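Visitor: pasting the sequence and the predicted model now:
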Protein chains: 2
Amino acid sequence: MRVLLTGAAGFLGSHLCDRLLTDGHTVVGLDNFVTGNRENLVHLVRNKDFTFIRQDVSSQINLPGKLDAVLHFASPASPNPTSPFGYPNLPVETLKAGSLGTFNTLDLARINKSRYLFASTSEIYGDPLEHPQIETYWGHVNPVGPRSMYDEAKRFSEALIMAYFRSKGSDTRIARIFNTYGPRMRLDDGRVVPSFIQQALRREPLTIYGDGRQTRSFCYVDDLVDGIYRLLLSDEHLPVNIGNESETSILEFAEIINRLTNNNAGVEYHSEGRLGNDPERRCPDISRARSLLGWEPKVALEEGLAHTIGFFKEKMRLK
Amino acid sequence: MRVLLTGAAGFLGSHLCDRLLTDGHTVVGLDNFVTGNRENLVHLVRNKDFTFIRQDVSSQINLPGKLDAVLHFASPASPNPTSPFGYPNLPVETLKAGSLGTFNTLDLARINKSRYLFASTSEIYGDPLEHPQIETYWGHVNPVGPRSMYDEAKRFSEALIMAYFRSKGSDTRIARIFNTYGPRMRLDDGRVVPSFIQQALRREPLTIYGDGRQTRSFCYVDDLVDGIYRLLLSDEHLPVNIGNESETSILEFAEIINRLTNNNAGVEYHSEGRLGNDPERRCPDISRARSLLGWEPKVALEEGLAHTIGFFKEKMRLK
């Protein structure tokens, strides 16, 4: 397949490039580097099956040649209000990527009669009132809240994709991606995994916002990419959750990282600095992914974290 | 003020034109007539304070001269799946009006440093789990459901408007408009008021979808327009509900119309033909409009319906 992937220089996008290339596909990567990172693609520069376009997905995409698949992964994705890469500081860019970007990529897929896959998110469930989150749950999102630029852009994209599927016969797929971690996460986007690991490697106490009892379910990036790839090859058009079911509290998670890095500095609680409407619990029901895609996560948290810690050690040494 | 109003040929838009002109303002009306109706503006053709642009709000708007206010009212608005004017049959147009249209009008307001007002909707509350609906309620909307093209476009617009307000200092307002009725509703868009009145005037039984116990709160258009006008002149930037608090079941409503038209044909229940995810109850809390705008509805249901029935009688005689 010849695949266009937007957000190719991002954390998930770059791993997806690698997987597609490994499986023998040709990849056109697109990124504007607003939150994506050139370093994530450096190893592909000489790969003859990979080409790169530096462009904002919100502008019309002119790409000659037939495409077999279009994957729309471009968007800021960190909720951290203090990072310049967090979507609270890129509100209009985030809303454009999840509207103009979705129109542009859907139109490109339609012209090419190609498969389409959209990177949606567990954030469309907002601060959920049901646990675990199943795909038929409608979510609990504040349309004018501090996260609305991201949550509503993703919900809008889902509605738009279903409109293209239902009224134009577009061959679409929607992956609802839950928290994912692994090598190539930005050190500086303020998400919990890079923040904790960096603090641990510096022998500092890990900063917990709130009481640490809020839970997340962390999926290792290789598992996630495998789920996305299976969904792309499937003919499932309704949203599918892709994530890890094992729910961990932020405090437990901090303790695991301190243990794996031999950090004795413990944790430190902060009441400020957490973005409003932060969900208390977040955990996917992955029954659909299991039955439709034959997929489930395989990498244990400690194993995935060991790889990730290795990556951050290297990065911090080079800085 | 010189005001740009999108959706000027629509039911609400055309009444708003009249009110603005009556109050001494200059109006540039914009419409593409996808669901708007030329007849609603015929009486303004020779008004020197009114000009009209036939254009899709999803395309860039080039309008010379200073604007003092931009009001974005363009969108299909009927949920009826059997009408060609219902948004289920115009999904991509609806999603464009509520994304590209909102970007375009916001940008125009920003360039002109003008006031901005967006016609949002009670539909952003979806099938609400709280009654009455207060502005802080987050809503209960299915992002991939049969109404998502409308509900998610309006929610997206609200998020986008708050992003422009918070990050660009745009002078924005959001009106959440509840069910409104009055002269100039389309006879053929399948909404309950024109459908019931036409059936009653033809001496047919009124078609009730479902058991008729679902409630709505109907606001007469003059009241609605007055609320919008007050919000436009205010400096309130968070969403404000504009609607009528008196909740009526669809069955009661049918009985009132039969009485006012002396129709003895009664009602007829249909189980099919109702769009999925239809809310069971819908009623605004208008405390904010009362305290911030000094506004509340004044026209009683039977009075407003009498005007509306008069309009439909005339229309049906001319057809």
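Guide: That came in fine, so what should we check first? Residues are numbered from 1 along each chain as shown, chains lettered A, B, ... in the order given.

Visitor: which residues touch A:Leu231?
Guide: With contact set as Cβ atoms under 8 Å, 6 or more residues apart in numbering or on different chains, A:Leu231 has these partners: A:117, A:173, A:175, A:240, A:242, A:289, A:293. In short, each C-beta sits where N, CA and C put it, glycine included.

Visitor: could you pull up the residues touching the second one?
Guide: Neighbouring residues of A:Arg173 by Cβ under 8 Å, 6+ apart: A:115-118, A:231-232, A:234, A:236-237, A:240.

Visitor: that one and B:Met162, how far apart?
Guide: According to Cβ to Cβ, to the nearest Å, A:Arg173 and B:Met162 sit 30 Å apart.

Visitor: now swap in the last one and tell me
Guide: Counting by Cβ to Cβ, the gap between A:Leu293 and B:Met162 amounts to 37 Å.

Visitor: neighbours of A:Asp49, how many?
Guide: As a burial measure, A:Asp49 scores 14 neighbours (other Cβ atoms under 10 Å in any protein chain shown).

Visitor: now it: closest residue in space that isn't a chain neighbour?
Guide: Nearest non-adjacent residue to A:Asp49, counting by Cβ to Cβ, 6 or more residues apart in numbering or on different chains: A:Thr26, 4.7 Å away.

Visitor: report the beta-bridge partner residues of the one you found.
Guide: Following DSSP bridges, A:Thr26 is listed with bridge partners A:Arg2.

Visitor: what does chain A put close to chain B?
Guide: Chain A comes close to chain B at residues A:91-92, A:95-96, A:99-100, A:103, A:124, A:126, A:138-145, A:148-149, A:151-153, A:155-156, A:158-160, A:162-164, A:166-168, A:174, A:238-239, as judged by Cβ under 8 Å from any Cβ of the partner chain.

Visitor: so which of those sit within strands?
Guide: A:Ile174 (DSSP state E).

Visitor: so which of the contacts of A:Leu231 wins on neighbours?
Guide: In these, the most neighbours by other Cβ under 10 Å go to A:Ile242, 29 neighbours.

Visitor: distance of the closest residue to A:Arg288 other than its chain neighbours from B:Val141?
Guide: Of all residues not flanking A:Arg288 in the chain, A:Val240 sits nearest, at 5.2 Å (Cβ to Cβ, 6+ apart). Noted for A:Val240: a distance of 20 Å to B:Val141, by Cβ to Cβ.

Visitor: ok, which stretches of the stretch 1-150 of chain A are strands?
Guide: Under the criterion DSSP state E, counting those that start in this stretch, the stretch 1-150 of chain A contains strands at A:2-6, A:26-31, A:50-54, A:69-72, A:115-121.

Visitor: any idea which of those strands is most buried?
Guide: strand A:69-72 (a mean of 27; mean count of other Cβ atoms under 10 Å in any protein chain shown).

Visitor: how about the closest residue to chain B within the stretch 201-319 of chain A: what's its closest non-neighbour residue?
Guide: Going by Cβ to the nearest Cβ, chain B is nearest to A:Pro239 of the stretch 201-319 of chain A, at 6.3 Å. Counting by Cβ to Cβ, 6+ apart, the nearest residue to A:Pro239 once its immediate chain neighbours are dropped is A:Ile174, at 4.2 Å.

Visitor: for the one you found, give the beta-bridge partners.
Guide: A:Phe118.

Visitor: residues in contact with it?
Guide: Taking Cβ under 8 Å, 6+ apart as the criterion, A:Ile174 is in contact with A:117-118, A:120, A:158, A:161-162, A:237-240, B:144.

Visitor: and of the contacts of A:Leu231, the nearest to A:Gly304?
Guide: Within those, proximity to A:Gly304 (Cβ to Cβ) peaks at A:Ile242, which comes in at 15.1 Å.

Visitor: list the contacts of the residue nearest to A:Asp49.
Guide: By Cβ under 8 Å, 6+ apart, the neighbours of A:Thr26 are A:1-3, A:49-50.

Visitor: what about A:Arg147, neighbour count?
Guide: 22.

Visitor: kindly apply the preceding question to A:Ala265 instead.
Guide: A:Ala265 has 14 neighbouring residues, counting by other Cβ under 10 Å.

Visitor: need the pLDDT of the residue nearest to A:Asp49.
Guide: Among the per-residue scores, A:Thr26 holds a pLDDT of 98.

Visitor: low-confidence stretches in chain A?
Guide: Residue ranges of chain A with pLDDT under 70: A:273, A:318-319.

Visitor: ok, the residue nearest to A:Arg288 - contacts?
Guide: Residues in contact with A:Val240 (Cβ under 8 Å, 6+ apart) are A:135, A:173-176, A:231, A:288-289, A:292-293.

Visitor: ok, it to A:Arg173 distance?
Guide: 8 Å.

Visitor: right, and A:Gly227 touches A:Lys298 too?
Guide: No. Between A:Gly227 and A:Lys298 there is no contact under Cβ atoms under 8 Å: 10.6 Å.

Visitor: which one's more surrounded, these two?
Guide: A count of neighbours by other Cβ under 10 Å puts A:Gly227 above the other of A:Gly227 and A:Lys298, at 24 against 12.

Visitor: how about the more buried one, what does it touch?
Guide: Taking Cβ under 8 Å, 6+ apart, we find A:Gly227 in contact with A:175, A:242, A:289, A:293, A:295, A:297.

Visitor: and it, what element?
Guide: Element membership for A:Gly227 (DSSP states H and E) is helix A:221-233.

Visitor: how far out from the middle of the chain is that helix?
Guide: Relative to its chain's centre, helix A:221-233 lies at 12 Å (Cα atoms, centre = their mean, to the nearest Å).
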